[in-house]
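Asker: Provided below for reference: sequence and predicted model.
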Amino acid sequence: MESFLKEQRGGESVLDLSPRSTVGGGVEDVYGEDRASEDQLATPWTVSVASLRQYDVPLHKYMALMELEERNERLFYKLLINNVEELLPIVYTPTVGEACQKYGSIFRRPQGLYISLKEKGKILEVLRNWPERAIQVIVVTDGERILGLGDLGCQGMGIPVGKLSLYTALGGVRPSACLPITIDVGTNNEKLLNDEFYIGLKQKRATGKEYYDFLHEFMTAVKQNYGEKVLIQFEDFANHNAFELLAKYGTTHLVFNDDIQGTASVVLSGLVASLKLLGGTLGDHTFLFLGAGEAGTGIAELIALEMSKQTKVPVEETRKKIWLVDSKGLIVSSRKESLQHFKRPWAHEHEPIDNLLDAVKAIKPTALIGTSGVGKTFTKEKPLIMALSNPTSQAECTAEQAYTWTEGRAIFASGSPFDPVEFNGKCFMPGQANNAYIFPGLGFGLVISGAIRVHDDMLLAASEALAGQVTQEHYDKGMIYPPLANIRKISAHIAANVAAKAYELGLATRLPRPADLVKYAESCMFTPNYRSYR
Ligand SMILES: NC(=O)C1=CN([C@@H]2O[C@H](COP(=O)(O)OP(=O)(O)OC[C@H]3O[C@@H](n4cnc5c(N)ncnc54)[C@H](OP(=O)(O)O)[C@@H]3O)[C@@H](O)[C@H]2O)C=CC1
Ligand SMILES: CC(=O)C(=O)O
Ligand SMILES: [Mg+2]
């Protein structure tokens with residue numbers, strides 16, 4: 001098993017598409033500085049990307065890429081880095097969503113570690129079965145809220161695998177230092193429970209004490225096995241567990257929740273950048289969210305925090321500029337007693353309203369943000385529209401709708417990518433407000449500084465660094481996020497800002513502090529280069 005897993009994540013392939021690799025060089029002799037000319041014909045990556053383009057169906061491209069990752073990890077990353085805008089929608093949203101839905105039927109080999117309830121009492125042993133010891137980043141899910149697709153149980157493994165491939169390609173973390181984990185406590189998805197190809201435990205989800213005891217054993221075992229500097233990213237947990245896990249382990253482990261915190265950081269960055277186009281300050285805006293779960297309340301809180309920092313007004317006051325709608329309507333004070341705890345800070349004084357349209361009429365927001373996981377729910381024009389739900393099928397509106405409804409006045413961003421839109425002879429470039437801009441750089445900054453805890457100020461630092469990468473040239477094109485093609489440079493800046501904050505807060509253990517953190521981050525990044533022997 002051990003050698004199998006090793007081959008799976010780190011091995012060099014005899015089926016390598018590279019003309020050079022067929023000479024049988026080991027891992028070491030081809031790693032290192034890239035002296036080959038990138039524009040020479042028939043490099044392994046140009047051959048591979050051309051062969052990938054032969055597939056018309058995105059899921060087939062996904063499967064081909066996953067096979068390539070297994071056969072030749074370096075080539076996979078070279079390809080992804082060199083073609084990030086083209087391949088991100090394949091290894092990540094939206095295609096990864098379809099892959100998770102069909103995971104059982106496209107399953108070839110385990111790509112990460114599954115820890116099931118059956119391993120209760122033995123989680124440390126299970127972790128020790130993973131062949132790599134020097135783990136720096138773990139992305140873990142229990143599969144209960146995969147994108148906006150609901151409970152996909154063990155099939156959610158596509159998400160930690162996809163997120164970690166971005167940690168490497170976009171953020172520069174070594175692939176061998178990444179560990180995707182799916183906690184299998186069952187699923188409440190009846191379709192999967194009745195599916196002969198379902199790969200997980202065929203039982204209803206464990207809940208309450210059984211669930212929390214199991215998660216506690218996992219968190220304890222991770223720290224025991226990898227030490228306190230291993231970063232644990234919680235991903236796509238349902239909100240009834242996500243907030244509690246974050247609160248519980250945020251003070252004892254190096255953890256963050258990507259859906260609550262990473263998303264908040266990327267959206268705040270987009271808002272700050274959009275002020276350059278709209279004018280004014282955050283405090284001049286009124287925000288309305290459709291969806292009051294992890295993403296919605298996470299973003300709302302970071303906006304309120306930033307407004308409070310800018311204006312020196314207490315956060316309890318700045319929250320009043322932000323309104324949220326959930327499946328029952330506007331969150332207002334008369335509902336307070338029945339609300340989940342994470343919604344309560346948003347229960348402002350107002351008469352009850354049971355739908356988005358009436359809430360828009362009453363609140364008159366200047367920014368409308370969709371975090372409901374429900375597609376096609378926006379029908380109203382606004383100057384600033386973010387349709388964040390993933391995958392594309394769940395987006396609250398399309399880019400084309402946003403631009404045509406507002407006759408080109410809207411600044412628009414979405415969680416999954418949309419193509420540029422032409423309207424009245426003008427080309428509009430929709431932004432991708434996805435936490436993929438943030439978590440690779442944020443995580444890398446934590447790793448290179450040896451941070452031991454995540455602090456809200458680090459999320460603000462990440463957000464500020466991302467907004468700082470939007471240039472006048474981008475603003476002139478109406479863009480509020482920099483091009484993903486520059487993501488490694490962007491990630492280095494995010495990592496440096498996060499690391500700087502970790503040092504400032506006394507949470508960094510890697511001493512002495514490097515003088516130039518951007519240069520340091522760049523120098524630490526994994527780069528999947530081939531060496532030329534000519
Ligand atoms: N772009 C990005 O980077 C990210 C995007 N997302 C996306 O955001 C979406 C939501 O994720 P998350 O916040 O974690 O999910 P949650 O389940 O935590 O929250 C969903 C929220 O939407 C509300 N809701 C559901 N249906 C409706 C409806 N018809 N009308 C109004 N509100 C509704 C729910 O209401 P109630 O509470 O009453 O059930 C809940 O408040 C997903 O699609 C996810 O993919 C998430 C993270 C990052
Ligand atoms: C992007 C992401 O994390 C989500 O949709 O859940
Ligand atoms: Mg997520």
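Answerer: Nice, I can see it. Numbers count the residues shown, from 1 in each chain. Ligands and ions are numbered 1, 2, ... in the order given.

Asker: Let me see the contact set for whatever residue of the stretch 351-500 of the chain ends up closest to ligand 1.
Answerer: Distances between the stretch 351-500 of the chain and ligand 1 by CB to the nearest ligand atom are smallest at Gly415, namely 2.8 Å. C-beta: built from backbone N, CA, C; applies to glycine. Each residue near Gly415 by CB atoms under 8 Å, 6 or more residues apart in numbering is listed here: 93, 387-390, 395, 432-434.

Asker: List just the nearest of those to ligand 2.
Answerer: Asn390 (3.7 Å).

Asker: Okay, strands next: where are they in the stretch 251-400 of the chain?
Answerer: Under the criterion DSSP state E, counting those that start in this stretch, the stretch 251-400 of the chain contains strands at 255-257, 287-290, 322-326, 329-330, 367-370, 384-387.

Asker: right, so the ones you listed: which one is the most enclosed?
Answerer: Using mean count of other CB atoms under 10 Å, the stretch among these with the largest mean neighbour count is strand 384-387, at a mean of 28.

Asker: Within the sheet, what are the partner strands of that strand, with directions?
Answerer: Paired with strand 384-387 in the same sheet, following DSSP bridges, are strand 367-370 (parallel), strand 411-414 (parallel).

Asker: what comes into contact with that strand?
Answerer: By CB under 8 Å, 6+ apart, the surrounding residues in contact with strand 384-387 are 267, 270-271, 274, 278, 285, 366-370, 378, 395-398, 402, 406, 410-415, 433.

Asker: next SSE after the worst-scoring helix or strand of the chain on mean pLDDT?
Answerer: Here the helix or strand of the chain ranked lowest by mean pLDDT, DSSP states H and E is helix 27-30, holding a mean of 30. Of the helices and strands lying after helix 27-30 in sequence (DSSP states H and E), the nearest is helix 44-52.

Asker: and the next helix or strand after that following helix, which residues are buried?
Answerer: Using DSSP H and E, the helix or strand that directly follows helix 44-52 along the chain is helix 58-71. Neighbour-count burial for helix 58-71 flags 59, 61-66, 68-71 (criterion: 16 or more other CB atoms under 10 Å).

Asker: tell me the angle of helix 58-71 relative to helix 44-52?
Answerer: Relative orientation of helix 58-71 versus helix 44-52 (axes from the mean of the first three to the mean of the last three CA atoms, to 10 degrees): 150 degrees.

Asker: following helix 58-71, which helix or strand shows up next?
Answerer: Using DSSP H and E, the next helix or strand after helix 58-71 towards the C-terminus is helix 73-82.

Asker: What angle do helix 44-52 and that next one make with each other?
Answerer: Put simply, helix 73-82 runs at 80 degrees to helix 44-52, going by the same axes, to 10 degrees.

Asker: which secondary structure elements does helix 73-82 contact?
Answerer: helix 44-52, helix 58-71, helix 84-91, helix 158-169 (3 or more CB pairs under 8 Å, 6 or more residues apart in numbering; DSSP states H and E).

Asker: can you give me how far the first one is from the chain middle?
Answerer: So that's helix 44-52. Here the centre of helix 44-52 is set off from its chain's centre by 26 Å, with CA atoms, centre = their mean, to the nearest Å.

Asker: And for the shortest one?
Answerer: Helix 84-91 has its C-alpha centroid displaced from the chain centroid by 14 Å (CA atoms, centre = their mean).

Asker: contacting residues for the residue in the chain positioned nearest to ligand 1?
Answerer: In the chain, the residue that lies nearest ligand 1 is Gly293 (1.9 Å; CB to the nearest ligand atom). With contact set as CB under 8 Å, 6+ apart, Gly293 has these partners: 239, 326, 371, 373.

Asker: Quick one, which of those has the minimum pLDDT?
Answerer: Within the contacts of Gly293, Gly373 has the lowest pLDDT, namely 93.

Asker: Tell me the spacing between that one and ligand 3.
Answerer: Using CB to the ion, to the nearest Å, Gly373 is found at 11 Å from ligand 3.

Asker: can you map out the helices along the stretch 251-400 of the chain?
Answerer: Counting by DSSP state H, counting those that start in this stretch, the stretch 251-400 of the chain has helices at residues 263-278, 294-311, 315-318, 356-363, 399-405.

Asker: can you list those in CSV and add distance to ligand 3?
Answerer: Listed next are the helices of the stretch 251-400 of the chain as CSV, based on distance: least, CB to the ion, whole Å:
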stretch, distance to ligand 3
helix 263-278, 8
helix 294-311, 8
helix 315-318, 25
helix 356-363, 23
helix 399-405, 21
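
Asker: out of the ones you listed, nearest to Gly148?
Answerer: helix 294-311 (9.9 Å; CB to CB).

Asker: and the closest one, which residues are buried?
Answerer: 294-308.

Asker: ok, which residues in the chain are in contact with ligand 3?
Answerer: 236, 259 (CB under 5 Å from the ion).

Asker: Within range of ligand 1, give me the residues from the chain.
Answerer: 145, 147-148, 239, 259, 263, 290-296, 325-328, 371-374, 388-390, 394, 415, 433-435 (CB under 6 Å from any ligand atom).

Asker: helices or strands up against the longest strand anywhere in the chain?
Answerer: Ranked by residue count, the top strand of the chain under DSSP state E comes out as strand 178-184. Under the contact definition 3+ CB pairs under 8 Å, 6+ apart, strand 178-184 sits against strand 113-116, strand 137-141, helix 158-169, helix 208-226.

Asker: one more time with 7 Å
Answerer: strand 113-116, strand 137-141, helix 158-169 (3 or more CB pairs under 7 Å, 6 or more residues apart in numbering; DSSP states H and E).

Asker: Buried residues, the shortest one. List them.
Answerer: Of the residues in strand 113-116, 113-116 count as buried by neighbour count, 16+ other CB under 10 Å.
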